[in-house]
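# the following block contains a protein sequence and its predicted model.
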Amino acid sequence: MSTEPTYGNPSSHASDSLAVQGYLASRVKKTWFWVIVVFLVFFISISRLYLGVHFPQDTLFGWVIGLFVLWTLSQWGDEVVDWFRSASLSAQIGIGFVVSLVIALTGILIRLIISGIPDPVSWSSFSTQARSIDHFITLSGALFGMIAGYALTRQYARFSAKGDWGKRLIRYILGIVGLLLLYYGLDLVFSAIAPDETTLGYLLRYIRYGAATFWATFLAPWIFLKTRLADLESG
């Protein structure tokens, strides 16, 4: 048995695995890949029941959400991507920022809604972590950094992932080292400035995760091009 300090319904393991891996399968379009995905999604979801951190209804609701997201992506995903790419660079970055704010505000709204609902006494020790919005802030910051980085990379740093193995290895090491420095370095600095569960702490968390994904999606590729560790993507 395991312990989960957050609310169990819906199961994010069930919803995320179904949506993400299901989308990958829809793009690969291979029967063998679908078989692997179904196997993984089922056992990832069931493992949470085995560990005792979810009830069956949590997993079922997670699957419903995952299916809805997968269906939405299959219906309008390509159109949304085309629309996003047709926008100006500043508009793309602005869209990313607005979407990230919506995610953060969703977390704040949920916490306000449940603020007057007490947790069971036997579970009260988990209340602080369960009602924290740090996961929402993490996701919103990471998403903004990723979208902004993607938009800038398409315009200024469209690099080819090809190249000799020596350059690939250097790119890998440089990318990982830069990511770790930002992720852990900013955590060390920011934790000395403000606690996580404060307004300033949430802002710093947003910046930290945004910087990490911005490095991965734009800064690292840009450096690869400038240092000739990678070539421009042809076409």
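Received, thanks. Quantities reported herein were computed from a predicted structural model and do not represent experimental measurements.
# now for the helix or strand encompassing S74, which elements pack on it?
Here S74, judged by DSSP states H and E, is contained in helix 56-86. With contacts defined as 3 or more C-beta pairs under 8 Å, 6 or more residues apart in numbering; DSSP states H and E, the packing partners of helix 56-86 are helix 12-28, helix 31-50, helix 89-114. Any C-beta I mention is one placed from the backbone N, CA and C, and that applies to glycine too.
# take those helices and lay them out in JSON lines including distance to R168, mean neighbour count and mean pLDDT.
What follows is those, written out as JSON lines (distance: least, C-beta to C-beta, whole Å; neighbours: other C-beta atoms under 10 Å; pLDDT from 0 to 100):
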{"stretch": "helix 12-28", "distance to R168": "23", "mean neighbour count": "19", "mean pLDDT": "89"}
{"stretch": "helix 31-50", "distance to R168": "25", "mean neighbour count": "15", "mean pLDDT": "90"}
{"stretch": "helix 89-114", "distance to R168": "29", "mean neighbour count": "15", "mean pLDDT": "92"}
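# between those, which one is closest to G163.
If you check each of the helices and strands packed on helix 56-86 against G163 by C-beta to C-beta, helix 12-28 wins as the nearest, at 25.0 Å.
# could you measure from the residue lying closest to I93 once chain neighbours are set aside over to V35?
Take I93 and drop its neighbours on the chain: the residue closest to it by C-beta to C-beta, 6 or more residues apart in numbering is A148, 4.9 Å away. Distance, A148 to V35, by C-beta to C-beta, to the nearest Å: 37 Å.
# lowest confidence element among the helices and strands of this structure?
Lowest on mean pLDDT, DSSP states H and E among the helices and strands of the chain sits helix 127-130, with a mean of 64.
# gap between the residue positioned nearest the centre of the chain and E197?
The centroid of the chain falls nearest to L139 when counting by C-alpha atoms, centre = their mean (5.4 Å). Distance, L139 to E197, using C-beta to C-beta: 17 Å.
# repeat that for I223.
Distance, I223 to E197, by C-beta to C-beta: 35 Å.
# so for these two, which residue has more residues nearby?
Using other C-beta atoms under 10 Å as the criterion, I223 and E197 rank with I223 on top: 18 against 13.
# which stretch of helix or strand covers that one?
Using DSSP H and E, I223 sits within helix 220-226.
# check which residues of that helix are buried.
Buried residues in helix 220-226, counted by 16 or more other C-beta atoms under 10 Å: 220-225.
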